[in-house]
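[1] Got a sequence here, can you model it:
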Amino acid sequence: MESFGDTSWPLSGIPNQKVAHLAAQARALDASELRKVGGERRRAMLVSLIHRAKVTCRDGLAEMLVKTVGKVHARAKEKLEALHRERRAATEALVGVLENILVGAQDDGEDDAALGRRVRELLDEGGGPDALLAAAVSLSAHRGGNHLPLLWGFYKGQRATLFRVARSLVFRPTTEDRSLVVALGFVLEADRLGRRGEFLEGELDLSFASERWRELLVAEIGDGRPMLARRHLEACVFSSLAQELKTGDLSVEDSDEYADYREQLLQWVECQPLVEEHCRELGLEPNPEGFVRQLKEKLSKTVVEVDRLYPENAGVAIGQDGEPVLKEVRAKGPTNALTDLEAAIAARMPERSLVDVLCAVEHHTNWSRHLGPLSGSEPKLEDVRGRYLLTAFCYGTNMGPAQTARHARGSATAHELGYVNRRHVNVGKLEAAATDIVNTYARLDLPRVWGTGETAAADGTKIELRENTLMSEYHVRYGGYGGIAYHHVSDTYVALFTHFISCGVWEAVYLLDGLLKNASEIRPKKVAGDTQAQSAPVFGLSYALGIELMPRIRNWKALTLFRPDEEAVYEHIDGLFGGEAIDWDLVETHWKDVMRVVASIRAGKVLPSTLLRKLGNYSRKNRLYKAFREIGRAVRTEFLLRFLASQDLRRRITAATNKAESYNGFSKWLRDRGRRPRAP
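    Residues are numbered from 1 along each chain as shown. Down below sits the predicted model:
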């Protein structure tokens, strides 16, 4: 990457959006077309293209490191499970020998000498003391589910790659703790000097490592000097590197996905007026004491109300062990009137082709006006509207330019369709066109019958992709390689926004992006999500942004409910709560940090997904994680209580998520229209 030189200083002072726009223009042009661009502009486009390529490359390298280390850990855990299965017989044999010895020891008729002889006989029958001791040592090496000693066997095959990646990137801690960066430098220097023996001499601050790791890292050699076990140290450093990149405790210099999120936040002086306006709009107290008091009162009020109404709640029961049980509710079938209405609508609705539908929508919205050449120097197209409609049909149905041109009867060639898609269409233009369509749809009467527009549901569906791309990953649930199209669908049955993400990404981090980036007139304030959306930090950030999160809870019995106060005791539902209470002092202490994030998101400086990627994983260093987690615990507890108490709320969440799944089915049907049948 550095062979291209430093591209940061020529672009200093230029907004990132402008740099990205220039890079997109350069990427769309071939060499002959680029020569026709003026000298100064051409140089700016090329520098922007190289700069963005380097940033993307750094993101890809960091992602590769995280995923590679994750796969190493996964394979080590699989190996540990296999060892446990293989050694089950040895475990049972050792337990059998111990049982025989204990039975013999209970016989009071034998003296110590006779008991000793009997124990010796039992040990010999079990294979002898040496063999039994070796079996016990082998079993204890991996007791407690500790897979860390097995990592080297899978790490060594990836070692060279991980070292090359680590040398290609510059890592910066986002906290005052530099112990991991120092340890990485120590490991890289030892490798450069060829120190690849079993042990390394040196002193390191191992505070970044867990207790299990530290037991493996330090060993005493013959003269009693403490030494570092090189193999375990390397595996530990790269494991910690991947973990802290995910939690945001470590950043990559000149990166996008792994940049230091603190640099994207506004300063508190800039935040204050924005925070006051935001709190006024949402009815929140604009100070830490009032914010905490308001949230605590809301939680306490809900707990008291649910406890009072519990005897009348026939839909839930709490067992003696404190585990709640929701009674099954049968789905309501369609009424005869609804069935008759559906048949009448179907009889009066004429059959339309997809091209006819596209033309009708274009006639009413003129959405194609948002498409156009990336720069004003390109030649104009003939029949611009017709070419844009055909291109939308071509790629929207997954038919592709070759098949579309074949059936278009001379309206356009495959090259022309590919040219329009490459040079006249980008994500921003498509989003603007989609916004026009959604706004026109929202003004119709029929959608108001289906919903109010106040609620949206977020759900993803798998899209097949080539295997060898950074975006493509193997999807465990659906099988095969691909990515995830993550849709936000209004309760009026229209898609508001779509993200395309890889299968390995935690989908909930994009839950709030779709609502904030949605530019249409439909502005939902409630969002229903799938099970991944039940994370406490997601609840916390949603509340601070004024968005009511309503996830579909599948494993809700495993979630902890937190008390408003440690001394709080309730008559009927006390068994639902654990022993912990909300740490209100922590929320009050970090209120400014929370509001700084909220103000920065509202000002467009940072996206919620950028923060949630950092907050979605446990971090013992990240104070933002702790603050949002504590707020989220309070909000999630209040939601779970309402979820248990209200059958109507559970129905509304199910209805909202079903609409998102219906849209996924519709989009799959649309994509499959252009898929060529496979040869038998």
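[2] Can you show me the strands along the stretch 351-500 of the chain?
    Taking DSSP state E, counting those that start in this stretch as the criterion, the stretch 351-500 of the chain carries its strands at 455-464, 473-474, 481-490, 495-502.
[3] From residue 358, how far off is the residue lying closest to residue 360 once chain neighbours are set aside?
    Nearest non-adjacent residue to residue 360, counting by C-beta to C-beta, 6 or more residues apart in numbering: residue 352, 7.7 Å away. Every residue, glycine included, has its C-beta placed from N, CA and C. Applying C-beta to C-beta, to the nearest Å, the value for residue 352 to residue 358 is 10 Å.
[4] how is the protein carved up into domains?
    Domain ranges of the chain: 1-259, 270-327+450-457+507-513+522-672, 336-432, per automatic domain parsing.
[5] The second one: how far from the chain's middle?
    The offset between the C-alpha centroid of domain 270-327+450-457+507-513+522-672 and the centroid of the whole chain comes to 17 Å, using C-alpha atoms, centre = their mean, to the nearest Å.
[6] try stretch 481-492
    14 Å.
[7] Counting neighbours, what do you get for residue 149?
    Neighbourhood size, residue 149 [other C-beta atoms under 10 Å]: 17.
[8] oh, I was asking about residue 35
    The number of residues packed near residue 35 is 9, by other C-beta under 10 Å.
[9] Now the phi/psi pair for it, please.
    phi -60, psi -30 (degrees, to the nearest 10).
[10] and the closest residue in space to it that isn't next to it in sequence, what element?
    In space, and not counting its chain neighbours, residue 35 is closest to residue 42: 7.9 Å by C-beta to C-beta, 6+ apart. Applying DSSP states H and E as the criterion places residue 42 in helix 39-86.
[11] what angle sits between that helix and strand 495-502?
    70 degrees (axes from the mean of the first three to the mean of the last three C-alpha atoms, to 10 degrees).
[12] And helix 39-86, what does it pack against?
    helix 16-28, helix 31-35, helix 151-155, helix 159-168, helix 230-247, strand 250-252 (3 or more C-beta pairs under 8 Å, 6 or more residues apart in numbering; DSSP states H and E).
[13] can you list the ones you listed in TSV and add distance to residue 276 and mean pLDDT?
    Listed next are these as TSV, based on distance: least, C-beta to C-beta, whole Å; pLDDT from 0 to 100:
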stretch	distance to residue 276	mean pLDDT
helix 16-28	28	76
helix 31-35	49	75
helix 151-155	51	90
helix 159-168	45	94
helix 230-247	31	91
strand 250-252	30	90
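[14] What about the closest residue to residue 583 other than its chain neighbours, how many residues nearby?
    Leaving out its chain neighbours, the residue that sits closest to residue 583 by C-beta to C-beta, 6+ apart is residue 630, at 5.3 Å. Using other C-beta under 10 Å, residue 630 has 23 neighbouring residues.
[15] Also residue 664?
    Per other C-beta under 10 Å, the neighbour tally for residue 664 reads 18.
[16] Likewise for residue 151?
    Neighbours of residue 151 (other C-beta under 10 Å): 24.
[17] Mind checking which of residue 352 and residue 358 has more residues around it?
    residue 358 (19 against 11).
[18] Pretty sure the more buried one sits against residue 389.
    Yes. Counting by C-beta atoms under 8 Å, residue 358 touches residue 389, with 5.3 Å between them.
[19] hmm, back to that, pipe the helices and strands packed on helix 39-86 into TSV and attach distance to residue 449 per row.
    TSV is the format used below for the helices and strands packed on helix 39-86 (distance: least, C-beta to C-beta, whole Å):
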stretch	distance to residue 449
helix 16-28	40
helix 31-35	51
helix 151-155	57
helix 159-168	55
helix 230-247	44
strand 250-252	49
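[20] out of the ones you listed, nearest to residue 266?
    In terms of C-beta to C-beta, the element of the helices and strands packed on helix 39-86 nearest to residue 266 is helix 16-28, at 15.7 Å.
[21] And that closest one, how far out from the chain middle?
    27 Å.
[22] Relative to residue 361, how far out is the residue nearest to residue 360?
    Distance from residue 352 to residue 361, by C-beta to C-beta: 11 Å.
[23] what about the closest residue to residue 452 other than its chain neighbours, neighbour count?
    Nearest non-adjacent residue to residue 452, counting by C-beta to C-beta, 6+ apart: residue 491, 6.7 Å away. Residue 491: 23 surrounding residues under other C-beta under 10 Å.
[24] thought residue 491 was touching residue 448?
    No. At 10.5 Å, residue 491 and residue 448 do not qualify as touching, with contact defined as C-beta under 8 Å.
[25] So which residues of the stretch 151-300 of the chain form helices?
    Using DSSP state H, counting those that start in this stretch, the helices of the stretch 151-300 of the chain run over 151-155, 159-168, 179-192, 211-217, 230-247, 268-282, 288-309.
[26] do you know which of these lies nearest residue 658?
    helix 288-309 (26.1 Å).
[27] State the next helix or strand along the chain beyond the closest one.
    Moving toward the C-terminus from helix 288-309, the next helix or strand (DSSP H and E) is strand 316-318.
[28] How about that next one, which residues are buried there?
    316, 318 (16 or more other C-beta atoms under 10 Å).
[29] and if you look at stretch 22-30?
    Within stretch 22-30, the residues that count as buried by 16+ other C-beta under 10 Å are 22, 23, 24, 25, 26, 28, 29.
[30] And for stretch 166-173?
    Buried-residue list, stretch 166-173, by 16+ other C-beta under 10 Å: 166, 169, 171, 172, 173.
[31] Stretch 245-263 too?
    Buried, per 16+ other C-beta under 10 Å, within stretch 245-263: 245-252, 254-255, 257-261.
[32] those helices in the stretch 501-650 of the chain, which residues are they?
    513-517, 536-545, 584-589, 591-602, 608-615, 623-645, 647-672.
[33] Mind telling me which of the ones you listed the model trusts least?
    Mean pLDDT is lowest for helix 608-615 among the helices of the stretch 501-650 of the chain, at a mean of 75.
[34] May I have the distance across stretch 529-549, first residue to last?
    Distance across stretch 529-549, first residue to last, is 8 Å (C-alpha to C-alpha, to the nearest Å).
[35] now stretch 448-462
    End to end - C-alpha to C-alpha - stretch 448-462 spans 30 Å.
[36] Likewise for stretch 145-162?
    Span of stretch 145-162 from end to end, C-alpha to C-alpha: 26 Å.
[37] Repeat that for stretch 515-527.
    8 Å.
[38] List the buried residues in it.
    515, 516, 517, 518, 520, 522, 524, 526, 527.
[39] Need the max-distance pair from those residues.
    Most distant of the buried residues of stretch 515-527, by C-beta to C-beta, are 517 and 526, 17.1 Å apart.
[40] now what about stretch 553-573, what contacts it?
    296, 299-300, 303-304, 306-307, 310-311, 318, 323-324, 531, 534, 576-578, 580-582, 633-634, 636-637, 640-641, 643 (C-beta atoms under 8 Å, 6 or more residues apart in numbering).
[41] so what pLDDT did residue 484 get?
    81.
[42] I'd like to know how far the closest residue to residue 326 other than its chain neighbours sits from residue 576.
    In space, residue 326 comes closest to residue 316 once its chain neighbours are excluded; the distance is 5.5 Å by C-beta to C-beta, 6+ apart. In this view, residue 316 and residue 576 are 10 Å apart by C-beta to C-beta.
[43] what do the two both touch?
    324, 644.
[44] contacting residues around the closest residue to residue 545 other than its chain neighbours?
    Residue nearest to residue 545 in three dimensions, not counting chain neighbours: residue 598, with 6.1 Å by C-beta to C-beta, 6+ apart. Neighbour list for residue 598: 275, 278, 544, 545 [criterion: C-beta under 8 Å, 6+ apart].
[45] Closest to residue 63 out of those?
    Using C-beta to C-beta, those come closest to residue 63 at residue 545, 27.0 Å.
[46] how many neighbours does that closest one have?
    For residue 545, using other C-beta under 10 Å, the count is 19.
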